[in-house]
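Asker: just to be clear, the model below is a prediction. Sequence and coordinates:
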Amino acid sequence: MSKIKVLDGGFSTQLSTHVGERIDGDPLWTARFLVTEPNAVFATHLDFLRAGADIIQTNTYQATIDGFVKYLGVGEEESLEIIRRAVDYAKDAVNAYRKEIEENDDAKSNRKPMIAGSCGPYGACLHDGSEYTGSYGTRVSREFLVNWHRPRMRALLEEGVDLLAIETIPCEREADAVVELLREFPDTRAWLSFSCRDDGRSLADGASFREIAVRCYKNALPGQIVAVGVNCLAPQSVSPLLKGVNKGDGGLIPLVVYPNSGEKYLVTEGWKKDREAPSLHEFIDEWLDLGVRYIGGCCRTYATDVKRIRSRVDLREAAT
């Protein structure tokens with residue numbers, strides 16, 4: 001069995017191949033399509049599985065009670081039901097994929113795919129880009145953040161995800177909050193992925209990435225956090241952050257990485273490319289050498305990118 005797990009890519013990016021370019025800018029982002037076009041959600045999951053993903057994430061990054069109440073006009077229980085249905089759509093895709101390959105003689109690397117319940121940060125529901133600044137970390141308490149994350153996390157787990165993807169966490173206070181909350185679900189496994197600056201050192205709020213990542217990994221219940229890492233930042237900004245994590249003598253800390261394409265998202269303008277950015281595929285071997293065990297793509301990456309990651313990981317493992 002592979003020690004390296006290939007993740008899916010940018011859900012909104014691949015979803016756009018089914019619904020067109022009308023996703024970014026919506027306060028519910030891709031979560032709206034859980035209600036309006038569930039078949040497209042299913043198809044997007046299936047795209048990533050066919051591309052070779054070992055783990056697909058539920059379309060719940062921006063699926064929150066706050067958002068559904070405000071922008072869909074539904075109540076709390078119906079909001080939670082939408083989140084539970086997101087898990088079902090991912091399960092349907094896994095079942096369809098496994099049926100497709102059950103009589104296929106080709107040696108598929110991802111014959112038993114898993115589902116990760118996506119838990120985006122509080123900042124995502126604010127729809128102001130604060131998941132890339134962490135500015136709210138000084139305005140809300142840890143208790144508030146624990147209580148805010150709990151209902152979605154519980155709904156995902158009760159509906160049967162295999163693990164949680166706690167992702168794009170931009171500030172120290174929210175990182176501590178989700179680790180505290182995980183203790184309420186002691187049998188749960190999760191990865192914890194941070195939103196970081198491109199300075200090679202810091203979370204989005206300026207705290208030390210290495211210190212917070214290592215602390216969260218060690219403060220969690222034994223075995224509960226399967227990896228710590230980064231997502232939704234430029235590929236060239238990843239390695240400087242990761243190089244500090246496994247320098248100590250405390251044993252290898254598994255890492256998770258799923259960068260974006262190198263473009264930057266501006267709330268008022270959308271995705272913008274500052275310059276020609278290196279492809280994430282150029283860094284795969286380097287990241288694996290640093291201890292990355294979960295690798296995929298984030299915004300502006302497609303199923304075709306996942307297919308290339310799968311190919312590189314398979315070659316790497318065949319050589320070891």
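Answerer: Yep, it's here.

Asker: which residues touch residue 281?
Answerer: 305, 308-309, 312 (C-beta atoms under 8 Å, 6 or more residues apart in numbering). C-beta: built from backbone N, CA, C; applies to glycine.

Asker: if we go to 6 Å?
Answerer: Shown in contact with residue 281 (C-beta atoms under 6 Å, 6 or more residues apart in numbering): residue 308.

Asker: could you do residue 186 as well?
Answerer: For residue 186, the contact set (C-beta under 6 Å, 6+ apart) comprises residue 221.

Asker: and it, helix, strand or coil?
Answerer: Look at residue 186: counting by DSSP: H, G, I helix; E, B strand; the rest coil, its state is coil.

Asker: so how far is residue 169 from it?
Answerer: 21 Å (C-beta to C-beta, to the nearest Å).

Asker: can you show me the helices along this protein?
Answerer: In the chain, the helices defined using DSSP state H lie at 11-19, 33-36, 38-51, 65-72, 76-101, 122-126, 142-158, 172-182, 209-219, 238-242, 284-289, 303-318.

Asker: can you tell me what sits against the third one?
Answerer: Right, the one you point to is helix 38-51. Helix 38-51 is contacted from outside by 8, 14-15, 18-19, 33, 56, 59, 89-90, 92-93, 97, 113, 303, 306-307, using C-beta under 6 Å, 6+ apart.

Asker: go again with 8 Å.
Answerer: So helix 38-51 is contacted by 8-9, 11, 14-15, 17-19, 30, 33-34, 56, 59, 85-86, 89-90, 92-94, 96-97, 100, 110, 113, 303-304, 306-307, 310 (C-beta under 8 Å, 6+ apart).

Asker: which of the residues you listed are buried?
Answerer: By neighbour count, with 16 or more other C-beta atoms under 10 Å, the contacts of helix 38-51 hold 8-9, 11, 14-15, 19, 30, 33-34, 56, 59, 85-86, 89-90, 92-94, 97, 110, 113, 303, 306-307, 310 as buried.

Asker: wait, what's in contact with the residue nearest to residue 205 when sequence neighbours are not counted?
Answerer: Ranked by C-beta to C-beta, 6 or more residues apart in numbering and with sequence neighbours excluded, the top spatial neighbour of residue 205 is residue 134, at 3.2 Å. The contact partners of residue 134, taken as C-beta under 8 Å, 6+ apart, are 123, 170-171, 174, 195, 203-206.

Asker: rebuild those residues as a markdown table, extending it with distance to residue 49, neighbour count and pLDDT.
Answerer: Formatted as a markdown table, these follow (distance: C-beta to C-beta, whole Å; neighbours: other C-beta atoms under 10 Å; pLDDT from 0 to 100):
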| residue | distance to residue 49 | neighbour count | pLDDT |
| --- | --- | --- | --- |
| 123 | 29 | 24 | 96 |
| 170 | 29 | 29 | 98 |
| 171 | 33 | 29 | 98 |
| 174 | 30 | 30 | 98 |
| 195 | 26 | 27 | 98 |
| 203 | 32 | 25 | 98 |
| 204 | 31 | 24 | 97 |
| 205 | 35 | 24 | 97 |
| 206 | 38 | 15 | 97 |
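
Asker: out of the residues you listed, which is nearest to residue 213?
Answerer: residue 203 (8.8 Å; C-beta to C-beta).

Asker: list the contacts for that closest one?
Answerer: Applying C-beta under 8 Å, 6+ apart to residue 203 gives the contacts 134, 169-172, 175, 194-197, 209, 212.

Asker: change it to 6 Å
Answerer: Here residue 203 is in contact with 194, 196, 209 (criterion: C-beta under 6 Å, 6+ apart).

Asker: how close does the first one get to residue 176?
Answerer: So that's residue 194. Distance of residue 194 to residue 176, given as C-beta to C-beta: 12 Å.

Asker: what does residue 70 give?
Answerer: Counting by C-beta to C-beta, the gap from residue 70 to residue 176 is 27 Å.

Asker: what's the burial count for residue 245?
Answerer: Residue 245: 20 surrounding residues under other C-beta atoms under 10 Å.

Asker: let's see the pLDDT reported for it.
Answerer: pLDDT, the model's per-residue confidence, is 93 for residue 245.

Asker: likewise for the one 4 residues further on?
Answerer: On pLDDT, residue 249 comes in at 64.

Asker: one more: residue 24?
Answerer: Residue 24 is assigned a pLDDT of 83 by the prediction.

Asker: my read: residue 259 touches residue 278, true?
Answerer: No: assessed by C-beta atoms under 6 Å, residue 259 is found out of contact with residue 278, at 10.2 Å.

Asker: of these two, which one has the most company?
Answerer: Each of residue 259 and residue 278 has its neighbours counted (other C-beta under 10 Å); residue 259 has more, 25 against 11.

Asker: pLDDT below threshold where in the protein?
Answerer: Scanning the chain for pLDDT under 70 picks out the ranges 1-2, 105-107, 248-250, 263-275.
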